[in-house]
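Visitor: next comes the sequence, and after it the predicted model I'd like to discuss.
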Amino acid sequence: MNGKKIACIILLMFIAILAYAGQVLHKNALAKRAAATQAESDTQSARGALTLLDTKVGVLRSESEDVRRFLVAWTPYVDKVQLQSDVETTISASMRNAGVVTLSNKFEVRDTRTDLVLPKIIRASLTIEDDYAKTLNWIGELERKLPLSRVMSCKISGGENGRQVRTEIVIEVPLPNLRAVPVPVVKI
């Protein structure tokens, strides 16, 4: 073998290596193009999903507008009464301020384990004997101070004299926990 033949073989090997490297680069370029095309397609589907979720969020906002306004309006009242002692103090102070004569009062706590938003309810059983107008004004004032309260029963009968009434009233005051139910997070 002479030098020309060896040079030709080396040249052919060099060309073969270049052809092989070209094929590898071409395969890599095709794989990158396919990945880019897939990424564009994934981007388009993600944009479609985002548009769909934006539409759902808009619908949920419009449907929950009344509830959100309700929560904004009532949250200060809910935050004001969070403990049993708050309820007892509010009721006792309102009776003292109104000057109604209290014959008996009893406060008991009912736990509602199944309800996360209303875990406790305070039941106040009160017996009052005083002037009819003063008693009804006190009930109205109590409703203003504890707007979440609910009168379970109210029995009004005649008192000792003509202007007085004996009132047996049972009031339930829930102690709501608005932060008990977590707000779901939408992942995109």
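Guide: Nice, thanks for sending it over. Numbers count the residues shown, from 1 in each chain.
Visitor: who's in contact with the helix or strand bottoming out on mean pLDDT in the chain?
Guide: The helix or strand of the chain with the poorest confidence is helix 65-80; it has a mean of 81 (mean pLDDT, DSSP states H and E). With contacts defined as CB atoms under 8 Å, 6 or more residues apart in numbering, helix 65-80 is touched by Asp86, Pro147, Leu148, Pro176, Leu178. Every C-beta, even on glycine, is put in place using the N, C-alpha and C of the backbone.
Visitor: in which helix or strand would I find the closest residue to Asn97 other than its chain neighbours?
Guide: For Asn97, ignoring the flanking residues on the chain, the nearest one in space by CB to CB, 6 or more residues apart in numbering is Glu141 at 7.7 Å. Under the criterion of DSSP states H and E, Glu141 resides in helix 132-145.
Visitor: that older thread, what pLDDT does the model give the residue nearest to Asn97?
Guide: Looking at Glu141, its pLDDT is 90.
Visitor: ok, now which ones touch it?
Guide: Residues touching Glu141, when contacts are defined by CB under 8 Å, 6+ apart, comprise Ser94, Asn97, Ala98.
Visitor: helix or strand next in line after the least confident helix or strand of the chain, which one?
Guide: Proceeding N to C from helix 65-80, the next assigned helix or strand is helix 84-98, under DSSP H and E.
Visitor: between the host helix or strand of Glu40 and helix 65-80, how big is the angle?
Guide: Remark: Glu40 resides in helix 3-63, with elements defined by DSSP H and E. If you take axes from the mean of the first three to the mean of the last three CA atoms, to 10 degrees, helix 3-63 sits at 70 degrees to helix 65-80.
Visitor: before we move on, the earlier item: just the buried residues out of the contacts of helix 65-80, in PyMOL syntax.
Guide: Those of the contacts of helix 65-80 that count as buried under 16 or more other CB atoms under 10 Å are selected in PyMOL with:
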select buried, resi 148+176
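Visitor: among the contacts of helix 65-80, which are located in helices?
Guide: The helices in this structure, assigned by DSSP state H, contain Asp86 from those.
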